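>>> Sequence and predicted structure are below.
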Amino acid sequence: MTVKAKTKPAQLEAAEMVKARTFAGDAWNQFRKHKLGMIAIGVLAVIILGVLFGPLFWTLDPEYIDMSLMGLPPIISSPEHPWGTDTLGRDTLARALQGGRVSLLIGISAMFVSITIGTVIGLASGYFRRLDNPLMRMTDIFIALPQLPLLLVLMMLFREPLKASFGVEGGVFILMVSVIGGLQWMPTARLVRGEVLTVKSREFITAADAVGSQDGRILASHILPNVMSPVIVAATFSVAAAIITESALSFLGLGFPPDFPTWGRLLFDGKDYMTITWTLVFWPGLLISLTVLCVNFIGDGLRDALDPRLRR
Amino acid sequence: MGKYIVRRLLTAIPTILVISFIIFAIVDLSPSDPTGNLPLTIPPEVRAKIRAALGADDPFVVKYVKWLNQFFIAEPLNFIETVTDIEFPGSEDRTRVISWATRGPVIDIIAERLPQTLWVVGSSYILGVLIAIPVGIYSAYRQYSVFDQVGTFLMMVGFSVPTFFTGLMFIIVFSVNLKWFPSVYDTTLVVTDIETLKEQLRQMIMPVTVLTLYTTAQMSRYTRASTLENLQQDFVRTARSKGLTERVVVSRHVVRNSLIPVVTLIALGIPGIFAGALITEQIFRVNGIGQYLIIAIQGGDLPTVQTVTFIFAVLVVLFNIVADVLYGILDPRVTYT
């Protein structure tokens, strides 16, 4: 009898040892099944770490002009310059690492801008019936604006005034982030609005309303957490879109100034010499493509992981 | 349906007006000077006269109304006059949108450059869609097969790798190293016989392939997703249990339903191909509309920038309507009220 009584709590303890399941934990378990997503996380981590800490180990100055290499055909690859040099003898690896910092930072900052605008507009138009129509009409108009031409025009127009007030790099950075973010929020807004409309009609919102919660509180603590999953997925994809847009703008010569490398700018500078040195366009292009590919795969994995209906 | 189309077109008018105002206002803020590219030896008084003659010093509202009149009334009337033989009164003193750079009507330059863009971009879009639909359907039908796994991976790659990188790589591999295709698109080439036709195809291969890869990747992803959704529907099981052959089940029951959203996406993507052309035309030096816009932006040619950008915007609005109408025609469940 006593033995039995002793084993019973022990069994309970074992049962209690099983970890509580959380939403994030479930999502992670699901995400781990997405093989390409996992590989993508690994590759992206290597790129991010390389870009962040690479310059500490690869100490060549990206702006250092090697006089002994000037005027000679650029090196494709050598022990001192594994990724080659450009026509001024500047090291491509060092420039690509430096450029990656800017490109990634722009991708992430522009994502925050577009997701914030999109979420706020989506929440407001889904929740407040009076705002719905005007906000959605505005969204429609923004969708109809031709993105790339308008981006080019805006870059051309505001580069000079912002350069004057924030310096050359700072001005272009602020401009780039705000125009890319400011022209990419529309899909997020529509998505959030749709989600809000379905969540709003649930009982727990009526309950929160009935106990006298303010609109702001209902939005922040009841509705927002319920629409977060699609927003996170949209945010991932929008990082990829922003990196591509930055590269495209720089590629068309309307991005950062020449001595300030970003991946797109390196492509733009390298394309005139690519018949001599293919490395000048190959490495930055490969980095852009790999980063975007990884981010998209992670987005795909997250979409499956964050949707409980899709879990197997 | 007719009523619906008319109503959509009517509601599009204010949208287009608002967009035209936004674009016009943004571009007009630019500090660009139409005499900026002229020789420095021209005295200031003459410069002022040139500016006045081009209407660059007019107040914003005057410029906007003038432009609206030129774009929406003068140019369409000119177009009708050249296409048909009908003469409208006052065709002599009708003003046109004049480029600051070439001093010629913008619309004429666009008309000159449109064929190049349509040839390259249009053919790649059609080709991309034609490849993407069967690939997407087969990929979904054999979900998790080797074809599907490789296919979805390649779709993601094609969708993620920017066209300016694939384009440059194509040039390095196929024109610099292998010397198979020319890297610069020669628009003076006139197709007269078999030889020139071959030459035309040779120079089209690279730009068309680059754009086709991108379109195929995007469209096959949509097609696959839409087909997968339909394959799980109850009516598919019913069709199978009725004893229909797989061929009939897939082609009549699944594909017809899954192509509905794909068709609307194809319509929605058409304005986007002009934007995509911006980059491809720049890589392969095709002198189409995209390249024209970039030259105009770099040269500060405001009337051209306003007009070309606005034409892009009109295309977006128009094809949005086309997509909605197509959806209604193809899907009888959608009713318009």
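Nice, thanks for sending it over.
>>> contacts, neighbours, all on C-alpha from now
OK.
>>> For B:Leu130, list the residues it contacts.
By Cα atoms under 8 Å, 6 or more residues apart in numbering or on different chains, the contact set of B:Leu130 is empty.
>>> no wait, A:Gly126
Shown in contact with A:Gly126 (Cα under 8 Å, 6+ apart): A:132, A:192-194, A:196-197.
>>> Filter those down to just the ones in helices.
A:132, A:192-194, A:196-197 (DSSP state H).
>>> Emit the PyMOL select command for whichever of the contacts of A:Gly126 are buried.
Buried subset of the contacts of A:Gly126, written as a PyMOL selection, criterion 16 or more other Cα atoms under 10 Å in any protein chain shown:
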select buried, chain A and resi 132+192+193+194+196+197
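>>> got TSV for the contacts of A:Gly126, with distance to chain B and pLDDT too?
Shown next, in TSV, are these (distance: Cα to the nearest Cα, whole Å; pLDDT from 0 to 100):
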residue	distance to chain B	pLDDT
A:Asp132	17	89
A:Val192	21	92
A:Arg193	20	92
A:Gly194	18	90
A:Val196	23	91
A:Leu197	21	90
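>>> can you tell me the residue of the stretch 151-300 of chain B closest to chain A?
Relative to chain A, the nearest point of the stretch 151-300 of chain B is B:Val161 (4.7 Å; Cα to the nearest Cα).
>>> Need phi/psi at that residue.
B:Val161 adopts backbone torsions of phi -70, psi 120, taken as degrees, to the nearest 10.
>>> where does it land on pLDDT?
According to the prediction, B:Val161 has pLDDT 89.
>>> And for B:Ser175, the neighbour number?
Summarising burial for B:Ser175: neighbours were counted as other Cα atoms under 10 Å in any protein chain shown, giving 17.
>>> Tell me if it really is in a helix.
Yes. Looking at B:Ser175 with DSSP: H, G, I helix; E, B strand; the rest coil, it is inside a helix.
>>> So which residues on the stretch 201-337 of chain B come close to chain A?
By Cα under 8 Å from any Cα of the partner chain, the residues of the stretch 201-337 of chain B that approach chain A are B:275, B:279, B:282, B:293, B:297-298, B:305, B:309-310, B:312-314, B:316-317.
>>> Kindly indicate whether the residue nearest the centre of chain A is helix, strand or coil.
Most central in chain A under Cα atoms, centre = their mean is A:Val239, positioned 2.1 Å from the mean C-alpha point. At A:Val239, secondary structure determined by three-state DSSP is helix.
>>> Helix or strand: which one has the closest residue to B:Val191 other than its chain neighbours?
Among residues not flanking B:Val191 along the chain, B:Leu197 sits closest, at 5.3 Å (Cα to Cα, 6 or more residues apart in numbering or on different chains). Following DSSP states H and E, one finds B:Leu197 within helix B:194-231.
>>> and that helix, what does it pack onto?
Helix B:194-231 sits against helix B:123-141, helix B:146-160, helix B:163-170, helix B:256-284, with contacts defined as 3 or more Cα pairs under 8 Å, 6 or more residues apart in numbering or on different chains; DSSP states H and E.
>>> Tell me which of those helices sits nearest to A:Ser229.
helix B:146-160 (21.7 Å; Cα to Cα).
>>> gap between the closest one and the chain center?
25 Å (Cα atoms, centre = their mean, to the nearest Å).
>>> before we move on, what about stretch B:285-294?
Counting by Cα atoms, centre = their mean, stretch B:285-294 is centred 12 Å from the centre of its parent chain.
>>> where do the strands sit along chain A?
Secondary structure of chain A (DSSP state E): no strands present.
>>> Quick check, the residue in it closest to chain B?
The nearest approach of chain A to chain B comes at A:Ser289, 4.7 Å away (Cα to the nearest Cα).
>>> doesn't B:Phe159 make contact with that residue?
No. Look at A:Ser289 against B:Phe159 with Cα atoms under 8 Å: they stay out of range, at 9.8 Å.
>>> which of the residues in stretch A:163-183 are buried?
Residues of stretch A:163-183 classed as buried: A:163, A:168, A:171-183 (neighbour count, 16+ other Cα under 10 Å).
>>> cool, and stretch A:34-53?
Within stretch A:34-53, the residues scored as buried using 16+ other Cα under 10 Å are A:34, A:36-38, A:40-41, A:43-44, A:47-48, A:50-51.
>>> Low-confidence ranges, the chain, go.
Reading this off chain A. Residue ranges of chain A with pLDDT under 70: A:1-18, A:64, A:66-82, A:88-89, A:308-312.
>>> Switch to chain B, please.
Scanning chain B for pLDDT under 70 picks out the ranges B:31-37, B:87-94, B:187, B:336-337.
>>> middle-most residue in it, spatially?
B:Phe274 (2.6 Å).
>>> Surely that one and B:Gly288 touch.
No. Applying Cα under 8 Å, one finds B:Phe274 not in contact with B:Gly288, separated by 9.7 Å.
>>> between those two, what contacts are shared?
Common neighbours of B:Phe274 and B:Gly288, counting by Cα under 8 Å, 6+ apart, are B:Thr117.
>>> Just give the nearest non-adjacent residue to A:Ala124, would you?
A:Leu131 (6.8 Å).
>>> what number of residues lie near the one you found?
13.
>>> and the residue lying closest to A:Ser103 once chain neighbours are set aside, what does it touch?
Excluding its sequence neighbours, the residue lying closest to A:Ser103 (Cα to Cα, 6+ apart) is A:Thr262, at 5.7 Å. Counting by Cα under 8 Å, 6+ apart, A:Thr262 touches A:96, A:98-103, A:247, A:250, A:256.
>>> Between these, identify the one with the most neighbours.
Of those, with other Cα under 10 Å as the count, A:Ser247 tops at 28 neighbours.
>>> Which positions within the strand or helix carrying B:Arg51 qualify as buried?
Element membership for B:Arg51 (DSSP H and E) is helix B:44-54. In terms of neighbour count (16+ other Cα under 10 Å), helix B:44-54 has its buried residues at B:47, B:51, B:54.
>>> Also near chain A: which of the residues you listed, exactly?
Answer for the buried residues of helix B:44-54 near chain A: none qualify (Cα under 8 Å from any Cα).
>>> one step back: mind checking how far the residue nearest to the centre of chain A is from B:Ala25?
Counting by Cα to Cα, to the nearest Å, the gap from A:Val239 to B:Ala25 is 30 Å.
>>> for the closest residue to B:His253 other than its chain neighbours, what are its contacts?
The spatial neighbour of B:His253 that comes closest, neighbours along the chain excluded (Cα to Cα, 6+ apart), is B:Val236 at 6.7 Å. Neighbour list for B:Val236: B:230, B:249, B:253-254 [criterion: Cα under 8 Å, 6+ apart].
>>> Now for the residues you listed: which two are most distant?
B:Asn230 and B:Val249 (11.1 Å).
>>> Now for B:Tyr222: which residues touch it?
Contacts of B:Tyr222 (Cα under 8 Å, 6+ apart): B:136, B:262.
>>> change it to 7 Å
B:Val262 (Cα atoms under 7 Å, 6 or more residues apart in numbering or on different chains).
>>> which one of the contacts of A:Gly126 is nearest B:Ser183?
Nearest member of the contacts of A:Gly126 to B:Ser183, counting by Cα to Cα, is A:Val192, at 44.9 Å.
>>> wait, doesn't that closest one sit right on A:Ile121?
No. Applying Cα atoms under 7 Å, one finds A:Val192 not in contact with A:Ile121, separated by 8.4 Å.
>>> Check the burial of the nearest residue to the residue of the stretch 151-300 of chain B closest to chain A once chain neighbours are set aside by counting its neighbours.
Leaving out its chain neighbours, the residue that sits closest to B:Val161 by Cα to Cα, 6+ apart is A:Ser289, at 4.7 Å. A:Ser289: 24 surrounding residues under other Cα under 10 Å.
>>> picking that back up, could you dump the contacts of A:Gly126 to a markdown table with distance to A:Asp209?
Shown next, in a markdown table, are the contacts of A:Gly126 (distance: Cα to Cα, whole Å):
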| residue | distance to A:Asp209 |
| --- | --- |
| A:Asp132 | 20 |
| A:Val192 | 20 |
| A:Arg193 | 19 |
| A:Gly194 | 20 |
| A:Val196 | 15 |
| A:Leu197 | 15 |
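>>> Tell me the one of the contacts of A:Gly126 nearest A:Gly216?
A:Val196 (13.8 Å).
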